[in-house]
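**Student:** Quick one, what's the 3D model for this:
(chains A, B and C)
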Amino acid sequence: MEWEERMCIVSGSYQSMDTKPPRTTVELWCRSQAGHSAVLLVNGLRPYFDIALPGEPRPNEIVNLDDVLDIPEVVDIDSPEVKWTTNGEKRHWRVYANQPYSVRKLRKKLGDWVVTSADIPFQNRLMLDLDLGPHISVKGDVIWASERAPEGAKNSTTTDVKLAESAIKKIGGAGIYPVDMIVSCELDGLTRSEPFQTPFVTFSFDLETSIATNRILCAAAVIDRAGDRSEHRFRGEEREIMEGLTSLVREADPDFITGYNIDNFDLPRMDERAEVICPRPKYNRAPLFGWGRVPMNEGDSKRIFPTRQQNRVWRIPGRIPMDAWWQARQTLRPQRESLRYVSQLLWPNNQEMQKMDVDASKMDEEWAARPDVVMEYCVRDTHLPLDILGHLKAIARKEALASVSLTAVETAANGTTSQWIDSLVMRLADKDGIAVPMTNAGPRKRDQIAGGYVHEVEPGMEPWVVVLDFKSMYPSIMITNNICSTTLVRDGGDQDPSHSVSPTTGTRYKSKDEMNGLVPRLLEDLMAKRDLYKKGMADAQASNDPVEAFLLDQLQYAVKILMNSFYGVFASSFYRFTHPDLGASITEWARYNIKAIISQVEEGGNDVIYSDTDSIFVKSPVHEGAPTNKPKDAEGAVVWEKTREETLEFGETLAQMFTKEGAELEFETALSAFFSHGAKKRYVGRVVWPREEMLIRGYEVRRTDSFDLLSETMTEMFEMLLDGDTEGAVNMTKMAVDEVREENVDPSRLVISRSCKGKWDSKKNEWDFKSVYANPDGLPYVRAAKQRIEAGLQFTPGMKVGYIITEPDVGEKKLGVSAWLVDEIGGKPPEYDREYYAKRLAKSLGRITEAFGVDEKELLKGARPKGQSSIFDF
DNA sequence: GCCTCGGAAGTC
DNA sequence: CTGGGACTTCCGAGGC
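**Tutor:** Now for the predicted structure:
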């Protein structure tokens, strides 16, 4: 049954058939634009890599390849093609291997040869060679169609399972995959298509487990099928619960698997319990935890189970695990990370979502006393991860990133920056005849690269300031100076005057005419693409097409993310197309450019008050006596508006003056007032253009290890300072000191939170902090983590742990620490150490007030003389 | 009580 | 298997 449809590649793998000749079938798990799931079994691609003679080019040497051909895993060798290498242009022979898994072995057997293009996963090879992105048009034959398959695909497709199975195995598939349809394709049946938004299916689940025995007490799952949700509850014998979850996964066939903290809790627990219930043989655990998108009866049991390499992300063949905790942490940077806290942060007005009616630290008792309540609590906690992913647009963003980097969605979601960049760089390298070296496996240590330039900042207030910054600074530098491993003039290279020479170390790069670098070309492309997407978004908004506008916004954002990843990969020591000089050159030029602009601005008679890497803050030359806050009277308002206009004009002028080809300086914001206490990376400003808001950088307000009272007081202080009310700011702060001293502060506003590492010691069956920290008990957050664990709550390495500082025990020098568990199990909050918090407030805020002569000690005195009670106390 | 140092976390 | 550097703050320990 011939079939044609647009699909999105979720992930890929391959199957080997050791026939004669050997065959390899690529499996692509897809979701179609119409919402069906499919496995494409693609035939026709053979595994290969390239080999060349070591050292300098020897174009005339006669090469005997018999030894290579004699290796049993080698199937064939092509006639040579000339490819560019760092040693010059050399002949490369394409060697075909019997199977992809032989390539590693062959690399070793080919000791003296230089082996290239030899560490590329076979499914990626397919995407590279056919120039596919995640969104493809598919033409093929439907071999198997399940109930949910589109009607058209079911016609004249066999319903005989045995018949279908043998047909699938014949073309290299593993059997009946748990998908809507199985499609057989040839290479010419796949072409790249325009990006679209795929109606993915997501499975969210949550386990409630016994603290005493680790046994699973109950579980819940919610399936989200393009917005339609269905709930599923599981209770009873542990085995039944796990079987229920597993058959639901296989029946609903989701692309994404989510939940809150599934990476570190639910998935490992499923794994562990499956082993307890069914120690051996491992394959018998498939009905319990066989979540892989592969046939249940698949002979090799490896693929059917979710797996995790040491401390890495989980892999579930054909599906994408996506932990809502991790997504929330990365995009929101919440001060605390419990599900309760995060949902409160996102939906402060929705009481239903935050209702906490179960004490998770006493799960066994709760389960015994009121299982129905626990069950509903569990169900709610499977909805929330879906709500969180939806709110963060996490899935749409991964899909957009996949579309821009031309990878499967799984690579965008769970891969590394180097994999995204590989996908683009290798396509271009293959097209241009550039050999693709292996990823560097060598030592990681290397001399550090000097970073960006940070300008000294004077303490105090500065009225009317414009902020300008370079648009995509590092990518622009790479483009303008043609920085690339293919253009780098290596030792002993000639000194052509056309070369681009880095300002301090004198690293040379070939001119664009001589060789247009791979990476600069890619970046140029991406920049143009981003502008196009941005324009398309504006057009879509204008023509009232929010769906298209959303897609284009995701795409332009993905391009930004991708472009910014380039520098990091090229400054690293492991990437295949890198050299230590590349990263150093980029920052060198950056420092040179920004310093040059600073001195030119200053020569022009204007003051540069601050600068960090790609931005400069310049004092606006407004007229004498210009107001720094918006006057209330009409006359004052006119003056204010005039000052603002002057400043905007100044910003525009500067931007134009210093923008040149390949280095666009953008006028970013105008401030009516700027304040810093004199430390780099710490400042606050009142933005008057393009929006009106307060801009705070670096200060405690922005830090997740601050506490609410400090953040709030500091924000209020900044508001007053920027209004010019220094006296009011000091008084307000002193009052805050009084309040904390008199114990009038809600302890939830004093929670300090820091992330804590740790290792699970499976021998001792306990958490180990000693191997991670030299003196774990000296660190408050480790002590808090221990209390948390003691209380029966979850702990996962790297999680943020909240705590309150309490008065130290008698004779104890160390700070008293009490873990903050109120979010999770309720109960009475601990009593805080009043002097500690008063001191910390005074210290942090005193650093700021010191800029106008009021120090920490002064703040610590408070507003009222000691002994006098609060105004609320009669 | 003051100072310095190292370890650690966080931000830009 | 794997982005980087500069800079700031906080805490605890140890010396005087």
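
**Student:** List the contacts of the helix or strand hosting residue A:401.
**Tutor:** With elements taken from DSSP states H and E, the one containing residue A:401 is helix A:394-405. When contacts are defined by CB atoms under 8 Å, 6 or more residues apart in numbering, helix A:394-405 is touched by residues A:8-9, A:133-135, A:195, A:197-198, A:200, A:202, A:256, A:320, A:322, A:324, A:327, A:331, A:388-389, A:408-409, A:411-413, A:420-421, A:423-424, A:526, A:529, A:550-551, A:554-555, A:557-559, A:561-562. Placement of C-beta: from N, CA and C, glycine included.

**Student:** where does residue A:353 land on pLDDT?
**Tutor:** At residue A:353, the model reports a pLDDT of 68.

**Student:** Now do the helices in the stretch 501-650 of chain A.
**Tutor:** A:518-542, A:546-571, A:580-603, A:634-658 (DSSP state H, counting those that start in this stretch).

**Student:** Show me which residues of the stretch 551-700 of chain A sit near DNA strand C.
**Tutor:** Contact residues, the stretch 551-700 of chain A versus DNA strand C (CB under 7 Å from any atom of the strand): A:564-565, A:567-569, A:571-574, A:583, A:587, A:613, A:679-682, A:698, A:700.

**Student:** run the last query once more with 10 Å
**Tutor:** A:561, A:564-576, A:578, A:580, A:583-584, A:586-587, A:591, A:612-613, A:676-682, A:698-700 (CB under 10 Å from any atom of the strand).

**Student:** which of the residues you listed count as buried?
**Tutor:** Using 16 or more other CB atoms under 10 Å as the burial test, these include A:561, A:565-567, A:569-572, A:575-576, A:578, A:583-584, A:586-587, A:591, A:612-613, A:676-677, A:682, A:699-700 as buried.

**Student:** quick one: the helix holding residue A:401 to chain centroid distance?
**Tutor:** Here helix A:394-405 is found 11 Å from its chain centre; the criterion is CA atoms, centre = their mean, to the nearest Å.

**Student:** Could you check the angle it makes with helix A:518-542?
**Tutor:** Counting by axes from the mean of the first three to the mean of the last three CA atoms, to 10 degrees, helix A:394-405 lies at 130 degrees to helix A:518-542.

**Student:** how about helix A:394-405, does it reach DNA strand C?
**Tutor:** No - using CB under 10 Å from any atom of the strand, helix A:394-405 stays clear of DNA strand C, with a minimum separation of 13.6 Å.

**Student:** how about the very next helix or strand once past that helix, does it reach DNA strand C?
**Tutor:** Following helix A:394-405 in sequence order, the next helix or strand is helix A:409-414 (DSSP H and E). Yes - part of helix A:409-414 sits close enough to DNA strand C to count as contact by CB under 10 Å from any atom of the strand, namely residue A:414.

**Student:** need the contact list for residue A:771.
**Tutor:** Residue A:771 neighbours (CB under 8 Å, 6+ apart): residue A:759.

**Student:** Residue A:36 reaches residue A:183, doesn't it?
**Tutor:** No - with contact defined as CB atoms under 8 Å, residue A:36 does not count as touching residue A:183 (10.3 Å).

**Student:** For these two, indicate the residue with more neighbours.
**Tutor:** residue A:183 (29 against 21; other CB atoms under 10 Å).

**Student:** Ignoring the adjacent residues along the chain, who's closest to that one?
**Tutor:** Once flanking residues are discounted, residue A:183 sits nearest to residue A:140: 4.3 Å by CB to CB, 6 or more residues apart in numbering.

**Student:** can you tell me the helix or strand for that neighbour?
**Tutor:** Using DSSP H and E, residue A:140 maps to strand A:135-145.

**Student:** quick one: buried residues of that strand?
**Tutor:** Judged by neighbour count using 16+ other CB under 10 Å, the buried positions of strand A:135-145 are A:135, A:136, A:137, A:138, A:140, A:141, A:142, A:143, A:144, A:145.

**Student:** circling back: hmm, which of the contacts of helix A:394-405 are the buried ones?
**Tutor:** By 16+ other CB under 10 Å, the contacts of helix A:394-405 give A:8-9, A:133-135, A:195, A:197-198, A:200, A:202, A:256, A:320, A:322, A:324, A:327, A:388-389, A:408-409, A:411-413, A:420-421, A:423-424, A:526, A:529, A:550-551, A:554-555, A:557-559, A:561-562 as buried.
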